[in-house]
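Trainee: Could you work out the structure for the sequence below:
(2 chains)
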Amino acid sequence: MSEYSPLWISVKTSITATFIVFFIGIYVAWFMARYKGRARGLLDGILTLPMVLPPTVVGFILLLIIGKNYPIGRLLSGFGINLIFTWIATVIAATVVAFPLMYRTCVGAFSQIDVNVINAARTLGVPEWKIFWKVAVPLAWPGIAAGTVLAFARALGEFGATIMIAGSIPGETQTIPIAIYFAVVAGETGNAIKWVILIFIISLTVMVASDKWSQKQMFLVSAARRK
Amino acid sequence: MGLDINITKKLPGFELKVNFKAENYILGFLGASGSGKSMTLRCIAGIETPDSGRIVLNGRVLFDSQKRINMPIRKRKVGFLFQNYALFPNMTVEQNIGFGLIKSISKVEKASKIKKKIIDLQLTGMEKRYPYQLSGGQQQRVALARALVVDPEILLLDEPFSALDEHLRSRMILRLMDDLKDFRGTSIFVTHNMEEAYQLCNNIIIIAGGSIDAIGQKDTIFNSPPTLYAAELTGCKNISKARKIGANIIEAIDWECRITFNYEIQGDITYIGIRAHYLESSEENEGINTFNCWVVFTSEALFRIKVYLKFSEPIGDEKKYHIMWDISKEEWELVKRNPLPLKIRINPEKVIQIK
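Mentor: Residues are numbered from 1 along each chain as shown, chains lettered A, B, ... in the order given. All right, here's what the predicted structure looks like:
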């Protein structure tokens, strides 16, 4: 086990979670941006909940779902699938807490699109999936990009839910935030500072890079919107 | 064949109730804003769903509330020209036009169809431009090319000129007439501008408060509007309550005068009107349908002048007037020299009678 394993685990987890959140987030956001049904408020609330609930609560709920002593977890372990205290659990925790950030930002971006443009595409006989990928996503791109960065940052910083369902198994589920916590608890201040500096660098680099990038994207889209 | 529509839809403030047929010509939909004209188009396209009724296009049922048919927008074969053109801002002119061409056609065929539309709509040289690099008129032509390239069965134009500058409009109307020449389907053209409607359309529907107020051939609608609203909407500025008092005499109640016709009037008359530019200055002192008029006030436009007249002498600073006379400034300069009261003739042939 390498000394830097928390770094690799954190990066691997955040990238995987961001990847999952990206696709699920924009699809759900696209659906919700156009959904005008009665359950809108409730659905929107449920989808946003992981953002506002304490991470420990999210972790606890996830534990109830995938824990070995509960129905779904038991069913899965019947198939030989065990999620709890594995790397997959860190991904699940990061995905769930990062999802609302992606979802919220994308709903905002999609509802900014002129509905006539979407309707124009429909009158041309274009199927929905093509409208989604060729019109809606490109037009909402600055928002989608911003949501992706936020989701990545949130996934990288995830602590509470992760520790509840994935624990702190060095080399397997121990991410940087968890490593920091245990370093502090163990009185290894130097070690903690090392991880803190590292996570600082990663977060800042990602934010600065994405800012530069989204400025460029924003310019392209707003130029396209100018009359 | 053509369009056959009979729908109702509850909207805030009024109920939309339209029932008409249209067949392979340009139909104008004239009405004030918020009268339900755009909503009707959106129902035909499937963007909005009526509460009840039926829409049939060339024998295909697009919507039938009883049979629970509601064809999705993309299957309706309806071309829609949006007020703001709704071009895809992330695509070039070429890509915009070609976006709807997805059915199993070869790349070569697709390119040639796009090319043809670009030539037809005089967009040559703009293939690689983005919508934001085009003028309003060019954007409109791209939108039209995009709608026509997929061979729609009906073309719906939702106030296509409202986003254009005034000086561009008349040119764009001529151009649109030219562009639509080759289109072999029904077109519905929504506008609140009677000039545009008259220039572009063969038949006209006047819609008010969600229902059809008048429907007919454009010359009939403009020359003898069948309803009070149609008269007002087609720009008749002088309207008076009226009643028949003899076989060929109508009393204009609001104007306190009588107009004599040289034929017998059929049926009852509720209103009469005369367009502001049809009033005539008369040399004769007393004649049939010639009235003494006093000028209440005038209002100058660029080349013409609006003279507000009263059939009796105004008292003091009175601003009440009976009729408005729209006249060229040159003509007014001559008429002005005559002593008051002016002699104004109402030509009975130009009088609009509303039953």
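
Trainee: For chain A, which residue occupies the most central location?
Mentor: A:Ala98 (3.0 Å; C-alpha atoms, centre = their mean).

Trainee: where along the stretch 1-150 of chain B do the helices fall?
Mentor: With DSSP state H, counting those that start in this stretch as the criterion, the stretch 1-150 of chain B has helices at B:37-45, B:93-98, B:107-120, B:136-148.

Trainee: hmm, back to that, how far away is the residue nearest to the centre of chain A from A:Glu158?
Mentor: Remark: distance between A:Ala98 and A:Glu158 (C-beta to C-beta, to the nearest Å) = 7 Å. Every C-beta, even on glycine, is put in place using the N, C-alpha and C of the backbone.

Trainee: Tell me the spacing between the residue nearest to the centre of chain A and A:Ala140.
Mentor: Distance from A:Ala98 to A:Ala140, by C-beta to C-beta: 18 Å.

Trainee: Grab the nearest non-local neighbour of residue 102.
Mentor: Since no chain was named, I'll use chain A. Ranked by C-beta to C-beta, 6 or more residues apart in numbering or on different chains and with sequence neighbours excluded, the top spatial neighbour of A:Met102 is A:Gly25, at 3.3 Å.

Trainee: wrong one, I was asking about chain B
Mentor: A:Val126 (6.4 Å).

Trainee: B:Asp64 now?
Mentor: In space, B:Asp64 is closest to B:Arg54, 4.8 Å off (C-beta to C-beta, 6+ apart).

Trainee: give the contact list for the one you found.
Mentor: Applying C-beta atoms under 8 Å, 6 or more residues apart in numbering or on different chains to B:Arg54 gives the contacts B:4-7, B:61, B:63-66.

Trainee: hang on, the earlier thing: is it fair to say the residue nearest to the centre of chain A lies in a helix?
Mentor: Yes: A:Ala98: assigned to a helix according to DSSP: H, G, I helix; E, B strand; the rest coil.

Trainee: got a list of what it touches?
Mentor: Per C-beta under 8 Å, 6+ apart, neighbours of A:Ala98: A:17-18, A:21, A:150-152, A:154-155, A:158.

Trainee: how near is it to chain B?
Mentor: Distance check for A:Ala98 against chain B: by C-beta to the nearest C-beta, to the nearest Å, it reads 27 Å.

Trainee: Now do that residue, the pLDDT please.
Mentor: pLDDT recorded at A:Ala98 is 96.

Trainee: Give me the below-cutoff pLDDT ranges for chain B.
Mentor: B:103, B:285-286 (pLDDT under 70).

Trainee: Which residues of it lie near chain A?
Mentor: Applying C-beta under 8 Å from any C-beta of the partner chain, we find that chain B lies next to chain A at B:45-47, B:72-80, B:82-84, B:86-90, B:99-100, B:102-103, B:130-132, B:136, B:143, B:146-147, B:150, B:152.

Trainee: Name only those of those residues that count as buried.
Mentor: Buried members of the residues of chain B next to chain A, scored by 16 or more other C-beta atoms under 10 Å in any protein chain shown, are B:45-47, B:73-74, B:76-80, B:82, B:84, B:86-90, B:99-100, B:130-131, B:143, B:146-147, B:150, B:152.

Trainee: where does whichever residue of chain A sits closest to chain B fall, phi/psi-wise?
Mentor: Distances between chain A and chain B by C-beta to the nearest C-beta are smallest at A:Leu124, namely 3.0 Å. Dihedral pair for A:Leu124: phi -80, psi 0, per degrees, to the nearest 10.

Trainee: what number of residues lie near it?
Mentor: When neighbours are defined as other C-beta atoms under 10 Å in any protein chain shown, A:Leu124 has 26 of them.

Trainee: do the one 3 residues further on as well
Mentor: If you count neighbours by other C-beta under 10 Å, A:Pro127 ends up with 12.

Trainee: and it, what does it touch?
Mentor: A:Pro127 neighbours (C-beta under 8 Å, 6+ apart): B:74, B:102.

Trainee: repeat for B:Lys355
Mentor: By C-beta under 8 Å, 6+ apart, the residues touching B:Lys355 are B:226, B:267-270.

Trainee: Drop the exposed ones from those residues and show what's left.
Mentor: For these, a burial check counting by 16+ other C-beta under 10 Å picks out B:226, B:269.

Trainee: between the contacts of B:Lys355, which is nearest chain A?
Mentor: Nearest to chain A among the contacts of B:Lys355, counting by C-beta to the nearest C-beta, is B:Pro226 at 33.6 Å.
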